[in-house]
Each structure stands twice: as C-alpha cells, then as structure tokens.
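**Q** coordinates only, sequence not included:
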C-alpha cells in the first residue's frame, strides 16, 4: 500500500510556496504521494504561543533576505507581496471545498495557483476581487467560490483542519510528517529525502 507524506501549508507562507514546488517530485521519487493540508499559521502560532518571525525586528530583516534567497536556491521565481503577511482563510476554504467535493488533485492545483499568485505575482488573496479573478483564471466559478468562503460549512471545515493540525503537533508551515516522523521547515528537505531513501536515521 502506498504510504503518504503529509504536507501542511499556509497560502501566506513564503516557505510553504517554496516547499510546494519540490515536495511532489521528492515524494514521487520514493514511491510516495503527498496529502496536502491548507491551514492558518496564525492559529498554530497561537496554540504554540509563537509569533511570526516578521513580527520581531531582527528576525524580520533576516527573513526578508532569506525568503528570496531560499527561492533562488531552488531555482524559483519570487516576488515579495506588498501585503505580508496576509489573511488567507478564504483561499484555504476554497481549497477544502475543492478537496472534499472534487478531490485532492483539484485542491492541489488550487494550492499551487494560490501560492504562485502570491509569491510570483504579488497578488493579495485577502482582496475578494483578486481572489475571484484567480478563481476564474483557474477555471472555477467565481460566484460559487465567494459563496464557499462565506459559507459556515466551509468555515467549519477549515477550523477542523486547523484543529487536526494542532493535534498532529503542527506549529508552523511548511510542516511534514513522514511515517509518523515530523519535519518542520523548507530547510528540512535533505532530511526528508534521506528518510524516504533509507528510513529512520
């Protein structure tokens, strides 16, 4: 039976964007598939009594250098969005709607579209018109998507995903679990690769 690699991400996380571009290929090389989970970092930070690195002046200056550097290291384009961090609960609700009604591939395609929109084109997903335009560009019904992000059902679904993430020990993004082993951060790629190749170390 194919074993999955779990991947938690937030649409507002630069490191989630970077990881989203390599996690699928890495998993596939080792006969694994990826289970994607859209969450809200702010919720996990609160549960772990943490703050965003960019809320601390010293960490902010470092992080703003490291985001594009880390993208360049992976050969990826990067654009720092004007609004950062930005609320992404509406994009995440669309993700779970697609996941639960159309399947994981549709949800993953939306995740890629959203992350690339934010970090390669600087789009602000918290702006309803921008989110509607992205949905339409991705072949989705913009009106349906707007109904989804305002629907209590999908608000509850995202809350469920956040609660499940916290229960699984997730406190940041990107966060991975492989065979029950947690890995936090885009910079854990070499360790994940080694684990998938040869098992526990």
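**A** On my side now, so go ahead. Remember, it's a predicted structure, so these values are computed and weren't measured experimentally. Numbering: from 1, shown residues only.

**Q** Could you give the backbone dihedrals for residue 4?
**A** Torsion angles at residue 4 (phi, psi; degrees, to the nearest 10) stand at phi -100, psi 160.

**Q** any idea what sits nearest it, other than its immediate chain neighbours?
**A** residue 35 (4.7 Å; Cβ to Cβ, 6 or more residues apart in numbering). In short, each C-beta sits where N, CA and C put it, glycine included.

**Q** Number of residues surrounding the one you found?
**A** 15 (other Cβ atoms under 10 Å).

**Q** Ok, residue 146 next?
**A** 16.

**Q** next one: the helix or strand it falls within to chain centre, how far?
**A** For residue 146, the host element (DSSP states H and E) is helix 142-150. Centroid separation for helix 142-150 versus its chain: 20 Å, with Cα atoms, centre = their mean, to the nearest Å.

**Q** and residue 74, what does it touch?
**A** 18, 21, 22 (Cβ atoms under 8 Å, 6 or more residues apart in numbering).

**Q** same deal with residue 141?
**A** By Cβ under 8 Å, 6+ apart, the residues touching residue 141 are residue 135.

**Q** quick one: contacts of the helix holding residue 146?
**A** 89, 90, 93, 94, 97, 128, 131, 132, 133, 135, 136, 154.

**Q** What residues sit buried inside it?
**A** 142, 145, 146, 148, 149 (16 or more other Cβ atoms under 10 Å).

**Q** Repeat that for stretch 82-98.
**A** For stretch 82-98, by 16+ other Cβ under 10 Å, it's 84-98.

**Q** Show me how far it is from its chain's centre.
**A** Worked out by Cα atoms, centre = their mean, stretch 82-98 lies 9 Å from the chain centre.

**Q** Next, the distance between the ends of that stretch.
**A** This stretch, stretch 82-98, spans 28 Å end to end (Cα to Cα, to the nearest Å).

**Q** From the rest of the structure, what touches that stretch?
**A** Taking Cβ under 8 Å, 6+ apart as the rule, stretch 82-98 contacts 10-13, 36, 38-41, 52, 54, 106-107, 110-111, 114, 118, 122, 124-126, 128, 131, 135, 140, 145, 148-149, 151, 154-155, 157-158, 161.

**Q** Buried subset of those as a PyMOL selection?
**A** To isolate the buried ones among these in PyMOL, judged by 16+ other Cβ under 10 Å, type:
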select buried, resi 10+11+12+13+36+38+39+40+41+52+54+106+107+110+111+114+118+124+125+126+131+135+140+145+148+149+154+155+157+158+161
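
**Q** In helices only, show me the contacts of stretch 82-98.
**A** 41, 106-107, 110-111, 114, 118, 128, 131, 135, 145, 148-149, 154-155, 157-158, 161 (DSSP state H).
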